[in-house]
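[1] after the sequence you'll find the predicted model.
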Amino acid sequence: MVLDLSDQKVVSTEMGSELIAKCEMNRNIGSTSMNPYSSRAHAIYMFKVLHRDRGIVSNLHFIDLAGSERLKVLG
């Protein structure tokens with residue numbers, strides 16, 4: 001189950017940028033000795049891009065995994 005999952009229709013690059021910025025603001029951020037702005041939450045962005053004139057649909061998936069720092073290095 002994914003809490004606060006939503007599906008948004010985006011019709012411009014500006015609208016997409018605003019939506020991604022809003023999502024980033026809702027992520028939990030903490031610090032580690034390796035990274036002062038380490039994310040504490042995974043993020044998955046899925047885009048379906050439609051080229052209306054050609055009828056082409058492309059699917060893009062971007063995944064940002066939290067906590068990728070190695071625990072051995074953190075101390």
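    The structure has been received and is ready for your questions.
[2] the protein: strands as residue ranges?
    29-30, 38-39, 43-51, 56-64 (DSSP state E).
[3] which residues are contacting the last one?
    Contacts of strand 56-64 with the rest of the structure, by C-beta atoms under 8 Å, 6 or more residues apart in numbering, involve 39, 42, 43, 44, 45, 46, 47, 48, 49, 50, 51. For the C-beta atoms, the positions are set from N, CA and C on the backbone; glycine is no exception.
[4] I'd guessed the third one sits against residue 26; true?
    It stands for residue 43. No. In this structure residue 43 lies outside contact range of residue 26 using C-beta atoms under 8 Å: 9.5 Å.
[5] please identify which of the two sits among more neighbours.
    Higher neighbour count among residue 43 and residue 26: residue 43, with 15 against 9, using other C-beta atoms under 10 Å.
[6] hey, what's the more buried one bridged with?
    On the basis of DSSP bridges, residue 43 is bridged to residue 64.
[7] any idea how far it is from residue 55?
    Counting by C-beta to C-beta, to the nearest Å, the gap from residue 43 to residue 55 is 30 Å.
[8] residue 22: neighbour count?
    10.
[9] for the top helix by length along the chain, give the mean pLDDT please.
    The longest helix of the chain (DSSP state H) is helix 13-25. Throughout helix 13-25, pLDDT has a mean value of 89.
[10] can you name every helix or strand that it contacts?
    strand 43-51 (3 or more C-beta pairs under 8 Å, 6 or more residues apart in numbering; DSSP states H and E).
[11] pull the residues that contact the strand it packs on.
    By C-beta under 8 Å, 6+ apart, strand 43-51 touches 16, 20, 23-24, 27, 56-64, 66.
[12] and the residues you listed, which two are the farthest apart?
    For the contacts of strand 43-51, the farthest-apart pair by C-beta to C-beta is 56 and 66; their separation is 33.3 Å.
[13] quick one: which of those two has more around it?
    residue 66 (15 against 9).
[14] next one: the more buried one from residue 21, what distance?
    Taken as C-beta to C-beta, the span from residue 66 to residue 21 is 18 Å.
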